[in-house]
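Visitor: Prediction below, plus the sequence it came from.
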Amino acid sequence: MELFLPLILVLFASFFQGTFGLGMKFIKPLAWEAWWLMHVSIAMILFPMAWAIFAVPNLFEVIFSTDTIVLFKAMLFGFLWGIGGILFGKSVGKVGVSLTYGIVMGLASAVGSIVPLFQIENAVNQPAFPFIITGVVIIVVGVVVVAWAGIKRDNQTNADTGIPTGKAFQIGLLIAVLSGVLSAFLNVGFANATPVAENAVLAGAATNNSSLAAWVVVLWGAFLMNALYSVVLLIKNKSYVTYKGAWGTKAFRWSVLAGLFWFAALGIYGQGAALMGSIGPVIGWPMLLGMSLIISNIWAYREGEWNNVKTPFRIMLVGLSTIIMACVILGYSNSLN
């Protein structure tokens, strides 16, 4: 059971990661930036800190007893991840949702796993190394296939204007690539915040709960970027007026619920990764993103987004099957740890 519990936790986390996006269908009457500011306040500050305060004794003593350089790096990676999220939105307008999502998810999975892997001493000599590399490569292939299915679906249903050409397309690709690399930094920040988690264990926290202290630090940086961007847009567009009368609406309830789901994913993933040891962020991260892509497409199927598109649907199933195969390989690599 000790072998399977971390994997079960990561798979459970993927349900929340693949589900929280449903809330973004219920933004109106709020402006996007008004909804997003409420969402990130719950997802990145209130819920993580409440959970961590409950589970980690003397949370703030644990955090501020950690080396300042460690804290700065963890927050910086969180801040950079926030920039990646903004660039994601910019890329969508130039190359479409499906292509952007494929590039970003693929790069975030690969970079977010490979960077922490090579930060482990003698990583290439680990028995799990070839299986991890194989699993990450296969999961990226699966993500690309799912993205291809999405592009074909959009073109077939005229849900998109198709893939643009020319300079706008090239710029959009570059933005998507940069977004993918920066999006990986959420996990890189988590891996580099390990000393915070180690201090939490010394303070009496359970090993699985120690990761919550690490997330608090990383998400301080992430919140700073997201909050600043939202506030700038609120002032620029004078969209703060949309808060009037929004309290108690479906938009308000979903901003809170989506925030709870979003950090539930990271918190539970962090627990699973902590139980795996130093290899946890390497194995768990691509599994989290890959399985969440499966969950989100299950929701999309239930919403009718794959109706009347037989060929793209079959391609999507091939991509999801590929992701499942990659997760099996990554799960096996954990047994070699």
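Guide: That came in fine, so what should we check first? Numbers count the residues shown, from 1 in each chain.

Visitor: Verify the stated contact: Leu212 with Ala50.
Guide: No - using CB atoms under 8 Å, Leu212 makes no contact with Ala50, being 10.1 Å away. Quick note: C-beta positions are derived from backbone N, CA and C, even for glycine.

Visitor: In terms of packing, which of the two has more residues around it?
Guide: Leu212 (28 against 12; other CB atoms under 10 Å).

Visitor: pLDDT score for the more buried one?
Guide: With respect to pLDDT, Leu212 scores 95.

Visitor: How about it, nearest residue that isn't a chain neighbour?
Guide: Ala52 (4.0 Å; CB to CB, 6 or more residues apart in numbering).

Visitor: Pull up the gap between the one you found and Ala274, please.
Guide: Separation of Ala52 from Ala274 (CB to CB, to the nearest Å): 13 Å.

Visitor: what do you get for Ala34?
Guide: Ala34 sits 35 Å away from Ala274 when distances are taken as CB to CB.

Visitor: With neighbour numbers in mind, choose between those two.
Guide: Per other CB under 10 Å, whichever of Ala34 and Ala274 has more neighbours is Ala274, with 26 against 23.

Visitor: Let me know how buried Val201 is, in neighbour terms.
Guide: Val201, neighbours per other CB under 10 Å, totals 16.

Visitor: which SS class is the closest residue to it other than its chain neighbours?
Guide: Leaving aside its chain neighbours, Val201 sits nearest to Ser210 (4.8 Å; criterion: CB to CB, 6+ apart). Of the three states, Ser210 takes helix under DSSP: H, G, I helix; E, B strand; the rest coil.

Visitor: wait, doesn't Ser210 sit right on Thr194?
Guide: No - using CB under 8 Å, Ser210 is not in contact with Thr194; the gap is 9.2 Å.

Visitor: who has more neighbours, these two?
Guide: Ser210 (26 against 21).

Visitor: From Ala326, how far out is that one?
Guide: 28 Å.

Visitor: Equivalent analysis for Ile45, please.
Guide: Taken as CB to CB, the span from Ile45 to Ala326 is 33 Å.

Visitor: low pLDDT regions in the stretch 101-250 of the chain?
Guide: Scanning the stretch 101-250 of the chain for pLDDT under 70 picks out the ranges 158-166, 248.

Visitor: before we move on, back to that, outside of the helix or strand the residue nearest to Leu212 falls within, which residues touch it?
Guide: Per DSSP states H and E, Ala52 falls inside helix 47-55. The contact list for helix 47-55, computed with CB atoms under 8 Å, 6 or more residues apart in numbering, reads 59, 205-206, 209, 212-213, 215-216, 219, 259-260, 263-264, 266-267.

Visitor: do the same with stretch 94-110
Guide: Contacts of stretch 94-110 (CB under 8 Å, 6+ apart): 84, 88, 91-92, 136-137, 139-140, 143-144, 146-151, 153-154, 160, 162-164, 168-169, 171-173, 175-177, 179-181, 183-184, 285-286, 289-290, 293.

Visitor: Compute the number of surrounding residues for Trp247.
Guide: For Trp247, using other CB under 10 Å, the count is 9.

Visitor: What's the separation between it and Val256?
Guide: For Trp247, the distance to Val256 - CB to CB - is 11 Å.

Visitor: related to what we said a few turns ago, using neighbour counts, trim the contacts of helix 47-55 to the buried set.
Guide: 59, 205, 209, 212-213, 215-216, 219, 259-260, 263-264, 266-267 (16 or more other CB atoms under 10 Å).

Visitor: For these, which two are the farthest from each other?
Guide: Farthest-apart pair in the buried ones among the contacts of helix 47-55 is Ala205 and Gly259; separation 23.4 Å (CB to CB).

Visitor: Would you mark the buried spots in the helix or strand where Pro6 lies?
Guide: Pro6 belongs to helix 5-19 when elements are defined using DSSP H and E. Neighbour-count burial for helix 5-19, with 16+ other CB under 10 Å as criterion, is recorded at 6-7, 9-19.

Visitor: Output these in CSV; the columns should cover pLDDT.
Guide: Output for these, formatted as CSV (pLDDT from 0 to 100):
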residue, pLDDT
Pro6, 87
Leu7, 85
Leu9, 92
Val10, 91
Leu11, 90
Phe12, 91
Ala13, 93
Ser14, 92
Phe15, 92
Phe16, 91
Gln17, 88
Gly18, 86
Thr19, 86
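
Visitor: With distance to Val201 added, can I get these in CSV?
Guide: Converted to CSV, the buried residues of helix 5-19 look like this (distance: CB to CB, whole Å):
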residue, distance to Val201
Pro6, 16
Leu7, 21
Leu9, 17
Val10, 20
Leu11, 24
Phe12, 22
Ala13, 21
Ser14, 25
Phe15, 27
Phe16, 25
Gln17, 25
Gly18, 30
Thr19, 30
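
Visitor: So which of the residues you listed is the closest to Tyr301?
Guide: Gly18 (12.1 Å).

Visitor: That closest one and Leu289 touch, don't they?
Guide: No - in this structure Gly18 lies outside contact range of Leu289 using CB under 8 Å: 9.5 Å.
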